[in-house]
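J.: Need the 3D shape of this:
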Amino acid sequence: MRVNVAGAFGAVQAVGGGMVSMGSGVILNVASNSAFNAERSSIPYVSSKAAVVSLTHVLARTLGPVIRVTAVAPGWMDTPWLERYLPPGRRAAVVNDPVGLVDVARVTEAALLLITSDAITGQVLVVDKCELAGGRVPPPGPGPGPSGQVG
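T.: As a prediction, the model looks like this:
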């Protein structure tokens, strides 16, 4: 929570006044598609990324039109985090899923679009190769079955 939410808010507090004085600015937050699908993941992580999404919307309404505020919300990417923190069975399921991992370069392209387009503010761009739309195989373990019941 401290890094994802307080860090994003602290950064805005640090630079927002200067942007207002200059008469323009762009803030790009980093959320996660986990903010939208609440996959069985770390509850603090999912909650903090959902808070970043809300922070993006509130800041866009509060600081706009002088400052544009957007966010990018990537899905699973091939980063050292996968190897370090994801349990081996879950990592194998994510890496071997037919959807595949999001290329960091694609997330960078999305971020550049959000930063450079003066027509976009208050939006969160999900970059996850259709994972949020149901394209990824669900993780193993208890969860809703075809009828929606757990177990």
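J.: so where is the chain shaky, pLDDT-wise?
T.: 39-41, 136-151 (pLDDT under 70).
J.: Quick one: the strands in the protein, in order.
T.: 25-30, 67-74, 124-127 (DSSP state E).
J.: Which residue ranges of this protein form helices?
T.: Per DSSP state H, the chain has helices spanning 7-22, 34-37, 43-63, 80-85, 88-96, 104-116. These are given in chain order.
J.: From residue 94, how far off is the closest residue to residue 61 other than its chain neighbours?
T.: With sequence-adjacent residues excluded and distances taken as CB to CB, 6 or more residues apart in numbering, residue 61 is closest to residue 122, at 6.7 Å. From N, CA and C alone the C-beta is placed, and that goes for glycine too. Per CB to CB, to the nearest Å, residue 122 is found 30 Å from residue 94.
J.: on that earlier part again, could you pull up the residues touching the residue nearest to residue 61?
T.: Each residue near residue 122 by CB atoms under 8 Å, 6 or more residues apart in numbering is listed here: 56-57, 60-61, 64, 69-70.
J.: give the contact list for the most centrally placed residue in the chain.
T.: The centre of the chain sits closest to residue 32, judged by CA atoms, centre = their mean, with a distance of 2.0 Å. Counting by CB under 8 Å, 6+ apart, residue 32 touches 45-46, 49, 73-75.
J.: swap the cut-off to 7 Å and go again
T.: 49, 73-74 (CB atoms under 7 Å, 6 or more residues apart in numbering).
J.: quick one: residue 99 and residue 130 touch, right?
T.: Yes - contact criterion CB atoms under 7 Å: residue 99 and residue 130 qualify, at 6.3 Å.
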